[in-house]
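Peer 1: 3D model of this:
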Amino acid sequence: MIGDGVLKLIERALARVGTDPTRAPTLLDDFLAIYEARATANTRLYPGVADVLAQLRPQFRLGVVTNKPARAAEAILSELDILRFF
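Peer 2: Next comes the predicted model:
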């Protein structure tokens, strides 16, 4: 189910429950609103990651690669207190 972006995720979920996957575009805005409101729920940083980022940041320009929607990704980074490294 995971991979290829949110629209594809919705299409796969609809198909999995026997619903027409071509409805996905009409559900996208609602899905994103719900997802973004709960983006940080159950999200935890692995132990030591913040320390490693703090050590790397002065020496390297760091970035984030994700297929999450930008607002959700920024909310997660902020909630985990690591947005400052990027």
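Peer 1: what does stretch 73-86 contact?
Peer 2: Identification of contacts with stretch 73-86 by C-beta atoms under 8 Å, 6 or more residues apart in numbering yields 36, 39-40, 43-45, 49-50, 53-54, 56-57, 62-64, 66, 68. Glycine gets a C-beta too; all of them are placed from N, C-alpha and C.
Peer 1: so how far is the first residue of that stretch from its last?
Peer 2: Its start and end residues considered, stretch 73-86 measures 12 Å (C-alpha to C-alpha, to the nearest Å).
Peer 1: Could you do stretch 30-43 as well?
Peer 2: 21 Å.
Peer 1: The chain should start at 121 in everything you say after this.
Peer 2: Got it, the first residue is 121 from now on, which makes the last one we talked about stretch 150-163.
Peer 1: quick one: buried residues of it?
Peer 2: 151, 155-156, 159 (16 or more other C-beta atoms under 10 Å).
Peer 1: Ok, stretch 138-149 next?
Peer 2: Those buried within stretch 138-149 under the rule 16+ other C-beta under 10 Å are Ala144.
Peer 1: roughly how far out does that stretch sit from the chain middle?
Peer 2: Averaging C-alpha positions (C-alpha atoms, centre = their mean, to the nearest Å) puts stretch 138-149 20 Å from its chain's average.
Peer 1: where along the protein do the helices fall?
Peer 2: 126-136, 144-157, 169-176, 190-199 (DSSP state H).
Peer 1: Now Pro189: closest residue in space that isn't a chain neighbour?
Peer 2: Leaving aside its sequence neighbours, Pro189 sits nearest to Leu152 (C-beta to C-beta, 6 or more residues apart in numbering; 6.0 Å).
Peer 1: All good on my end, thank you.
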